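K.L.:
Following is a predicted model, sequence given first.
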Amino acid sequence: MTKGKTGGMPLLMIPGLGGDSECWGGMFPRKLREGGIDPAVYDPRGLGQSSSGSREPSISLYAADAAAVLEDRAPGGAVLGWSMGASVAIGLALYRPDLVTRLILCCGTGDHGMLVRRNPEVFRPILDREAPVAELASVLGSMLLPLDQRGNTSFNRAFLSVIRDSFVRHEEGIRSQQKALAACPPAMSRLNEISVPVLVIMGDRDGLIPPREGENLVRDLPDARLEILSGGHGLIYERPAELAERVCSFLSLPGKDSWSPCPAGG
């Protein structure tokens, strides 16, 4: 299921592990629309209203799904990938460079395997397909909690409850994503094939994917810039207006695909 088409500049948004079309919150998409951007969100296979299908889960399969969504909406456009979605977005840009005009990688890495080997204690509970899916939701949800809300018990309870309920309902899709993420191929050696402008955005206190991963991405991408915002892995929820402003500014830069949106504001 795809949602979007408001007449602005198209931006396909690819969610991270367990995210569906509803995972982006309310303010971030709204600020994008105010800035002249048309955010297209969809349910990845096995999540929301999308079926899992019978194919072996992989990052390349999810990239092909994203390509089909982008093709259905317009003859190409900008793409934003968040967390695992950044790996899918990189895969999309390599698989169908004709479709991607600009690329935004939020809280992502070009080598999940290396990151897992460096921080096994962080990623083990996220990749463990034997543990109850509700435990995965709790671990990942704690990584996404806005840092400025950590002391708000009622907010935390409601936030984690939404994630847990979604994960439990879509366990098959979650398990498939875990499997795909565990086998995510390194992309660093191929980043120089991505010729479109790229914006890399990281949180300075991200406990899952540290900001140095953004530095590694920018180092190997031919046309990229790095923005580090104050916050954790859930920048979408923690800094939605600021994040939207950075995205809108990047997409309005001159180029063959240039657009002229109004600033998103703060």
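P.N.:
Thanks, I have the structure now. Numbering: from 1, shown residues only.
K.L.:
List the contacts of stretch 133-145.
P.N.:
Identification of contacts with stretch 133-145 by Cβ atoms under 8 Å, 6 or more residues apart in numbering yields 17-18, 125-126, 128, 156, 159-160, 163-164, 166-168, 171, 174-175, 178, 207-208, 232-234, 237. Yep, even glycine has a C-beta here, placed from its N, CA and C like the rest.
K.L.:
Quick one: buried ones out of those?
P.N.:
When these are checked for burial by 16 or more other Cβ atoms under 10 Å, the buried set is 17-18, 126, 156, 159-160, 163-164, 166-167, 174-175, 178, 208, 232-234, 237.
K.L.:
Give me the mean pLDDT for stretch 84-94.
P.N.:
Mean pLDDT, stretch 84-94: 98.
K.L.:
And it, how far out from the chain middle?
P.N.:
9 Å (Cα atoms, centre = their mean, to the nearest Å).
K.L.:
Pull out the CA atoms of it and give them to me as PDB.
P.N.:
Coordinates of each C-alpha in stretch 84-94 appear next as PDB, following Å, rounded to 0.1, in the frame of the first residue of the first chain:
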ATOM      1  CA  MET A  84      17.900  -0.500   7.600                       C
ATOM      2  CA  GLY A  85      16.000   1.500   5.000                       C
ATOM      3  CA  ALA A  86      19.200   3.300   4.200                       C
ATOM      4  CA  SER A  87      20.700   0.000   3.100                       C
ATOM      5  CA  VAL A  88      17.700  -0.700   1.000                       C
ATOM      6  CA  ALA A  89      17.900   2.800  -0.500                       C
ATOM      7  CA  ILE A  90      21.600   2.200  -1.300                       C
ATOM      8  CA  GLY A  91      20.600  -1.000  -3.000                       C
ATOM      9  CA  LEU A  92      17.900   0.800  -4.900                       C
ATOM     10  CA  ALA A  93      20.300   3.400  -6.200                       C
ATOM     11  CA  LEU A  94      22.700   0.700  -7.400                       C
END
